[in-house]
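1. Please find the sequence and the predicted model below.
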Amino acid sequence: MGAQVVWRVTDTAQALFDVDDYKAFVKVQIEAAVRTIGSRYPYDDFEHQEVTLRGNNDQVKSELRAELINRLHVAGITVDECGFTHLAYASEIAGAMLRRQQAQAVVAARKTLVEGAVGMVEMALDMLSGKKIAELNVDRRAALVSNLMVVLCSERDTQPVVNAGTSQ
């Protein structure tokens, strides 16, 4: 995590006498505040249910500023603005998180594909019965639904099978 902080001394007496080295004090407090806020929230929430470092920048930024103002007040220092400049997974989990994001993207794409296929199957069945093209019993309807879902959801080209009827 990285942060940018714009701060200034508002009480020079406090800055010079209440802390040994106000610049070093500011640096330590910034690091501590970034760690505090960083540990309070998850990096990301794929279900979008909670506040996250990546997804709720304004709220997290204002909390970071409030935390810094509280910490630096004792040294006569105020924070004009601040925010996170860099958020990244630790290297040891970056690969796993990338795979997770890719898996979630695949699931979302599949869900969209299936929803579209179901809509197309429903439309085909409605049109077949509405235009009285074919009267389908329950078994034939199930077979048609199955075949259409395979064709519409398959990642590979499908090969047609022609049913010439049954011989007796």
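-> Thanks, I have it.
2. Report the buried residues of the longest helix seen in the chain.
-> If you go by DSSP state H, the chain has its longest helix at helix 91-130. Residues of helix 91-130 classed as buried by neighbour count (16 or more other Cβ atoms under 10 Å): A117, V121, L125. Every residue, glycine included, has its C-beta placed from N, CA and C.
3. average pLDDT across that helix?
-> Average pLDDT, helix 91-130: 84.
4. And for stretch 155-163?
-> 72.
5. Can you tell me what sits against it?
-> For stretch 155-163, the surrounding residues in contact (Cβ atoms under 8 Å, 6 or more residues apart in numbering) are V150, V151.
6. May I have the distance across it, first residue to last?
-> Distance across stretch 155-163, first residue to last, is 24 Å (Cα to Cα, to the nearest Å).
7. swap in stretch 126-144?
-> Stretch 126-144 has an end-to-end distance of 13 Å (Cα to Cα).
8. which parts of that stretch are buried?
-> Buried-residue list, stretch 126-144, by 16+ other Cβ under 10 Å: L144.
9. what packs against the longest helix of the chain?
-> helix 138-153 (3 or more Cβ pairs under 8 Å, 6 or more residues apart in numbering; DSSP states H and E).
10. sorry, back to before: could you check the angle the longest helix of the chain makes with helix 138-153?
-> Here the directions of helix 91-130 and helix 138-153 differ by 140 degrees (axes from the mean of the first three to the mean of the last three Cα atoms, to 10 degrees).
11. hang on, the earlier thing: name the nearest of the buried residues of helix 91-130 relative to T12.
-> Using Cβ to Cβ, A117 comes nearest to T12 of the buried residues of helix 91-130, at 70.5 Å.
12. so what's that closest one closest to, chain neighbours aside?
-> In this structure, A117 finds its nearest non-sequential neighbour in L152, 3.8 Å apart by Cβ to Cβ, 6 or more residues apart in numbering.
13. any idea how far that neighbour is from A143?
-> 15 Å (Cβ to Cβ, to the nearest Å).
14. List the residues that contact V151.
-> T158.
15. Just the pLDDT for it.
-> Model confidence at V151, given as pLDDT, is 83.
16. Quick check: it vs L125, distance?
-> Distance of V151 to L125, given as Cβ to Cβ: 14 Å.
17. for L148, same thing?
-> If you go by Cβ to Cβ, the gap between L148 and L125 works out to 9 Å.
18. Show me what I77 is bridged to.
-> Per DSSP bridges, the residues bridged to I77 are V9.
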